[in-house]
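**Student:** Sharing a sequence plus its predicted fold:
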Amino acid sequence: MTPGPRNLITDVPGLRVGNAQNDTLKSGVTGLVGDAPMVASCHVMGGAPGTRETDLLAPDKTVAAVDAIVLSGGSAFGLDACSGVLDALHADGRGFEVGPVRVPIVPGAIVFDLLNGGDKDWGTNPYAELGRAAYAAAGLDFDIGTAGGGCGATTGSEKGGLGSASFTTGGVTVGALVIANPVGTVATPGGHFWAAPFEVDGEFGGLGPDPAVLGGQMPASAKLGDVRMGENTTIAIVATDAPLTKAQCHRLAVAAHDGMARAIVPSHTPFDGDLVFAASTGDGSGVPDADLVMLGHAAATCLARAIARGVFAATPAPGDVLPCWTQQST
């Protein structure tokens, strides 16, 4: 497996990503937009999710494809970003056809970033407008780190961020997009990334695994930051151009959660709303189970790399409540 030319989820043909953020707010929105409707599903493993339109992504539900997927800051307020993307899609004539009406299908999920030092004293919920701006900005190239929905993300010990990564394998492409905002830590007490064994070409510093940590376990002497209920969550999208069915997309989302567990310690806690969407730009005809095994492995590895890349790329800003990884490692 080798990274695609951008090492971003947009290496998957037919996908675009747009970011919008408000630096005073210290929050933002990231939208994944398909050039055509995408087969999609999702899987939740955290104890505190915040979502929109995820029930319809279950394999037994009627709607087979979605037009966009939104990852947003803002806790429950951020779910309104989906409305902004929906309005923009509708204006472009996109959506599920019901007689003379088109209804865009826009699932989304949010992270909690309300206590990150930004000014949250708004009069009107800003997230619908941020959603529209993210849709308008959608393209093949986009920023990671302190950008879009990862603008105000934090981890247990440093700033979080928006991350992405890709792989090509067996003639198909797999990519991941993530807001890393967990209760847990992305770096070991010694300043190495938990995801280091999966790093490619020094993409998040090239330090390698922490020699003081064996078996991926937190040393007994290590301390987590203050854990406060509902103030975290890591949300992600994995995507491929392999022609997965909706049920196979669900299985891809399940497998991709392994990437969170490899990159975040601890992950999937009662205080995180950890969720993975999975999308396919293929025709939905399905792939052999043996192919799905390798796609799941690629998705999990991409997600682990994307989490570390997002934290590694975070940059400092006035009012931050936590340092960036680069500030701690220098």
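**Tutor:** That came in fine, so what should we check first? Since the model is a prediction, treat every value here as computed from it, not as a measurement.
**Student:** rest of the way, CA atoms for contacts and neighbours
**Tutor:** Noted.
**Student:** Determine the longest strand present in the chain.
**Tutor:** In the chain, taking DSSP state E as the definition, the longest strand is strand 27-44.
**Student:** So His257 lies in a helix, does it not?
**Tutor:** Yes. The assignment for His257 is a helix, going by DSSP: H, G, I helix; E, B strand; the rest coil.
**Student:** Now do the contacts for the residue nearest the centre of the chain.
**Tutor:** Residue closest to the mean C-alpha point of the chain, counted by Cα atoms, centre = their mean, is Val178 at 2.0 Å. Residues near Val178 by Cα atoms under 8 Å, 6 or more residues apart in numbering: 162-164, 234-237, 303, 306-307, 310.
**Student:** So in this protein, which helix runs the longest?
**Tutor:** Looking only at the chain and at elements set by DSSP state H, the helix with the highest residue count is helix 289-312.
**Student:** what separates that one from the chain centre, distance-wise?
**Tutor:** The chain centre lies 12 Å from the centre of helix 289-312; the measure is Cα atoms, centre = their mean, to the nearest Å.
**Student:** And the next helix or strand past it?
**Tutor:** Sequence order places helix 325-329 as the next helix or strand after helix 289-312, per DSSP states H and E.
**Student:** Any idea what the residue nearest to the centre of the chain is bridged to?
**Tutor:** On the basis of DSSP bridges, Val178 takes part in beta bridges with Gly163, Ala236.
**Student:** per-residue confidence at it?
**Tutor:** On the pLDDT scale, Val178 is placed at 98.
**Student:** how much space between it and Ile9?
**Tutor:** According to Cα to Cα, to the nearest Å, Val178 and Ile9 sit 10 Å apart.
**Student:** For those two, list the residues in contact with both.
**Tutor:** Ser164.
**Student:** I'd guess Thr168 is in a helix, am I close?
**Tutor:** No. Counting by three-state DSSP, Thr168 falls outside a helix, being strand.
**Student:** beta partners for it?
**Tutor:** Beta-bridge partners for Thr168, by DSSP bridges, are Thr2, Thr173.
**Student:** Gly28 touches Gly161, doesn't it?
**Tutor:** No. The criterion here is Cα atoms under 8 Å, and Gly28 misses it with Gly161 at 11.0 Å.
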